[in-house]
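Asks: sequence first, then the predicted structure:
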Amino acid sequence: MKYVDEYRGESEAQRFVQAIEATVTRPWSLMEVCGGQTHTLIKSGIDRMLPSQVTLVHGPGCPVCVTPLELIDRAIAIARRPEVIFTSFGDMLRVPGSHADLLSAKSEGADVRMVYSPLDAVTLAQQNPDQQVVFFAVGFETTAPANAMAVHQAAHQGVNNFSILTSHVLVPPAMEALLSSPDNLVQGFLAAGHVCAIMGFWEYEPLAEKYKVPIVVTGFEPLDLLQGIYMTLEALEEERWGVENQYARLVVREGNQPAQNLMSQVFEICDRKWRGIGEVPMSGYRLKEKFERFDAEKRFDVGDIDAQEAPECIAGEILVGVKKPHECSAFGTKCTPERPLGAPMVSAEGACAAYFQYGRGE
Amino acid sequence: MSDDSETKPPVTMPAGPVCPIPISDYPKVQLAHGGGGRLSQILIEEMFAKTFDNPELDIMHDGAVLGVGGERLAFSTDSFVISPYFFPGGDIGSLAVHGTVNDVAMCGARPLAISCGLILEEGLPMEDLWRIIQSIQRAADEVGVHVVTGDTKVVDKGKGDGIYINTTGLGLIPDGIDISPTAAQVGDQVLVSGEIAVHGIAIMSIREGLEFETQLESDSAALYPLVAAILETGGDAVRVMRDPTRGGVASALNEIAGQSNVGFRLDEQKIPISEEVRGACEILGFDPLYVANEGKCLAIVGPERAESVLAAMRSQPLGEHAAIIGEVVEDHPGRVYLRSQIGGMRVVDMLSGEQLPRIC
């Protein structure tokens, strides 16, 4: 298939593996920031093709995984209200809150619907003027422009029965939190290509300089990842640091300006809690005061719902790369995709789900 | 929704010992319990199979095989709740015929007759019902079965999706044919009769209003002519057949791996998938191995006949894109492995529920 098979060629993959083998002289730990990258690595078997000195540490870039537990509980509380049509992307529906997930709320009568775009939720609100339509707006910089557009359009068209429950998070502050931690093991990063397609990569330059790490903006196809890994290892071996761009077919240094403009009209930067990681200063977006009326947390007064994590779940250590999924005592036993204790076992981008589904715990 | 359970008198249970419910994880039925993945499997194995426990059911094939007066009959039932009930490439009527006669055919049987149970929702346009009934008859004619018995119920408006259909099929298994999900042997080849994942993506694109450059049509079709060609050429080298409907090729092969206690090794490069379906799956983050088929057949065939069965499949209109996609191996019994396009290895597990489109 055009624009897919070109990035999945077996002989090209072998060439990269050989180049990596020829480059590596000592052990290195690299982190792929995004959960989509984690899944490609494991689904295509790249993790098992690399020399043993290369350790891949799976990063926190799984939007479903880092959405705080209490926000999921609030989502369920809102969804259960009779006047509400609650809309979400598919993979949020199975993420466990403290007691339930959105799909089980649906089986008990809540009107929960899967949508493919937040703009579909705005349309749904227009079609159901007597109902309140809420969209679960989570994710990184990648999903923020579409969510900003939904709020912008709802405001512009006077769709007052639409609101978003939001917990947007930002990549650079999370990387800084990892790098500044005394436990940090990561020596080089594969930055998330789609985040950089929106934001560019200038924000990573001061990080690379301050912590003297190579950061390679990397795509999501198998050959993208192999090339990104090769570029990072080459920089490490040559003791270079700085930002390089593997994903040049989509990413420019300044990013997508119209998208950024829209985001800055609707959102402002705030402190954010990350599930498993905790509060990270200046690491998220919230709605600006001008758009506060579209904030579902305020509209439905659910701000006081607090939540408790399952004590066995070590999602926090998984998300910062300190532990691998199969090192958790609950992995594959008490915690499975059918009965997940934590979000990384649910999401299509969660590291635990990837290890379980593709047999890496064996 | 109101919860009035407290105001009603408690339901009186029949006298006698009451067994605890064998499914403890979910107090209520979830959609995923019908998704064809692991939750469906747990429900069937833990609740239904253990309760109904009998030798015919225990084989856990697409249909049961009953010995009657020296003949072997294949017996299978299926319910159809598809929405929308008209879709590109078919409708709920043709699907209800194909689904059941295919399950019968997967036992190696020639379909003889089907039943047709209709559950209609009050308000269903009579014109729609007429179209569906005609479609049932057309599909039955094509397969050469008669609709020999039926039933009709009407439920209140709002309590059904227009129309639900249950069909049950009977078929006759010729002598010398012994298809069983426990029969796969090391060295056997895995054949698939054509491009996979078409039905699931076609239905999804119309249900969710996803527009692609070309309109995908469901592959819904009666597989018996293809099965007859497979059996004629393969004879007793045909060990297992399965139509990979809900849960797709991955779930069907996982089930066979468990039942035959063997491993499978698939080659991603060799799995036939159309450009349109691959594109849709890439966009949605779906794995086509888990997407439903309604006109495809998997055959596990001894290596000595695999190539000739492949040729026989390809000579049939429904088997034009047939391919050998993997083999049965001694390693990792019960597990399906896949060699990825770039040459890495991974497990292809059973899915827990339906695939959900990702955030980004």
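Replies: All right, it came through fine. What you see is a predicted model, and the numbers here were worked out from it, not measured in a lab.

Asks: which residues sit in contact with whatever residue of the stretch 101-250 of chain B ends up closest to chain A?
Replies: Relative to chain A, the nearest point of the stretch 101-250 of chain B is B:Glu208 (6.7 Å; CB to the nearest CB). Heads up, the C-betas are built off the backbone N, CA and C, glycines and all. Listed by CB atoms under 8 Å, 6 or more residues apart in numbering or on different chains, the contact set of B:Glu208 reads A:Tyr116.

Asks: so how far is B:Ser352 from it?
Replies: Distance of B:Glu208 to B:Ser352, computed by CB to CB, to the nearest Å: 21 Å.

Asks: and what of B:Asn293?
Replies: Look at B:Asn293 and B:Ser352: by CB to CB, they are 20 Å apart.

Asks: more neighbours: the two, which one.
Replies: B:Asn293 (30 against 24; other CB atoms under 10 Å in any protein chain shown).

Asks: I figured that one hits B:Gly248, correct?
Replies: Yes. Taking contacts as CB atoms under 8 Å, B:Asn293 lies within contact range of B:Gly248: 6.7 Å.

Asks: got the residues of chain B near chain A?
Replies: Residues of chain B lying near chain A by CB under 8 Å from any CB of the partner chain: B:1, B:25-26, B:28-32, B:38-39, B:42, B:208, B:210, B:269, B:275, B:278-279, B:282, B:285, B:335, B:337, B:339-347, B:349, B:352-353, B:356-360.

Asks: now A:Glu297, nearest residue through space, not along the chain?
Replies: A:Gly303 (5.4 Å; CB to CB, 6 or more residues apart in numbering or on different chains).

Asks: which strands and helices sit next to whatever helix or strand B:Arg265 lives in?
Replies: Here B:Arg265 sits within strand B:263-267, counting by DSSP states H and E. If you count contacts as 3 or more CB pairs under 8 Å, 6 or more residues apart in numbering or on different chains; DSSP states H and E, strand B:263-267 packs onto helix B:248-260, strand B:323-329, strand B:336-339.

Asks: which residues does the longest one contact?
Replies: Taking contacts as CB under 8 Å, 6+ apart, the residues outside helix B:248-260 that touch it are B:36-37, B:41, B:60, B:181-185, B:190, B:192, B:196-197, B:200, B:240, B:242-244, B:263-264, B:266, B:271, B:287-293, B:298, B:300, B:328, B:333-336, B:348-351.

Asks: how about the contacts made by residue 41?
Replies: No chain specified, so I'll use chain A. Applying CB under 8 Å, 6+ apart to A:Leu41 gives the contacts A:Glu32, A:Asp47, A:Leu56, A:Leu225.

Asks: hmm, no, I was thinking of chain B.
Replies: Residues near B:Gln41 by CB under 8 Å, 6+ apart: B:Glu255, B:Met350.

Asks: which of the three states applies to it?
Replies: Put simply, B:Gln41 is helix when judged by DSSP: H, G, I helix; E, B strand; the rest coil.

Asks: roughly how far apart are it and A:Ala125?
Replies: Where A:Ala125 is concerned, B:Gln41 sits at a distance of 39 Å (CB to CB).

Asks: now swap in A:Met345 and tell me
Replies: From A:Met345 across to A:Ala125, the span is 33 Å (CB to CB).

Asks: of the two, which one has the most company?
Replies: A:Met345 (33 against 24).

Asks: quick check: domain ranges of the chain?
Replies: The chain I'm using is chain A. Domain assignment for chain A by automatic domain parsing gives A:5-18+A:26-62+A:171-245, A:65-170+A:256-300, A:315-357.

Asks: ah, no, chain B please
Replies: Taking automatic domain parsing as the domain assignment, the ranges for chain B are B:63-173, B:189-347.

Asks: just name the most buried of the ones you listed.
Replies: Among those, domain B:189-347 has the highest mean neighbour count (mean count of other CB atoms under 10 Å in any protein chain shown), at a mean of 21.

Asks: and that domain, how far out from the chain's middle?
Replies: Between the centre of domain B:189-347 and the centre of its chain there are 12 Å (CA atoms, centre = their mean, to the nearest Å).

Asks: ranking the domains of chain A by burial, who's on top?
Replies: For the domains of chain A, the highest mean count by mean count of other CB under 10 Å goes to domain A:315-357, at a mean of 23.

Asks: where do the strands of the stretch 51-200 of chain A begin and end?
Replies: Taking DSSP state E, counting those that start in this stretch as the criterion, the stretch 51-200 of chain A carries its strands at A:54-61, A:84-88, A:111-114, A:132-139, A:162-169, A:188-192.

Asks: so which of those strands comes closest to chain B?
Replies: Proximity to chain B, assessed across the strands of the stretch 51-200 of chain A by CB to the nearest CB, is greatest for strand A:132-139 (5.3 Å).

Asks: residue in chain B nearest to chain A?
Replies: Per CB to the nearest CB, B:Gly344 is where chain B lies closest to chain A, at 1.6 Å.

Asks: what sits against that residue?
Replies: By CB under 8 Å, 6+ apart, the contact set of B:Gly344 is A:Ser44, A:Gly45, A:Ile46, A:Asp47, A:Arg48, A:Met49.

Asks: kindly reformat the residues you listed as TSV containing distance to B:Val309, secondary structure and pLDDT.
Replies: Listed next are the contacts of B:Gly344 as TSV, based on distance: CB to CB, whole Å; DSSP: H, G, I helix; E, B strand; the rest coil; pLDDT from 0 to 100:
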residue	distance to B:Val309	secondary structure	pLDDT
A:Ser44	31	coil	94
A:Gly45	30	coil	93
A:Ile46	35	helix	96
A:Asp47	36	helix	93
A:Arg48	33	helix	92
A:Met49	34	coil	95
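
Asks: let's see which of the residues of chain B next to chain A end up in helices.
Replies: B:Arg38, B:Leu39, B:Ile42, B:Glu275, B:Arg278, B:Gly279, B:Glu282 (DSSP state H).

Asks: how about the contacts made by the fourth one?
Replies: Okay, so that is B:Glu275. Contact partners of B:Glu275, counting by CB under 8 Å, 6+ apart, are A:Met1.

Asks: now the stretch 101-250 of chain A against chain B: closest residue?
Replies: For the stretch 101-250 of chain A, CB to the nearest CB, closest residue to chain B: A:Gly109, 3.5 Å.

Asks: and that residue, what pLDDT?
Replies: As predicted, A:Gly109 sits at a pLDDT of 93.

Asks: distance of it from B:Tyr85?
Replies: As judged by CB to CB, A:Gly109 and B:Tyr85 stand 25 Å apart.

Asks: repeat that for B:Gln134.
Replies: Distance, B:Gln134 to B:Tyr85, using CB to CB: 14 Å.

Asks: what's the local residue count around the residue nearest to B:Gly34 when sequence neighbours are not counted?
Replies: Among residues not flanking B:Gly34 along the chain, B:Ser40 sits closest, at 6.1 Å (CB to CB, 6+ apart). The burial count assigned to B:Ser40 is 20, neighbours taken as other CB under 10 Å.

Asks: quick one, what contacts B:Ser40?
Replies: Neighbouring residues of B:Ser40 by CB under 8 Å, 6+ apart: B:Ala32, B:His33, B:Gly34, B:Arg246, B:Gly247.
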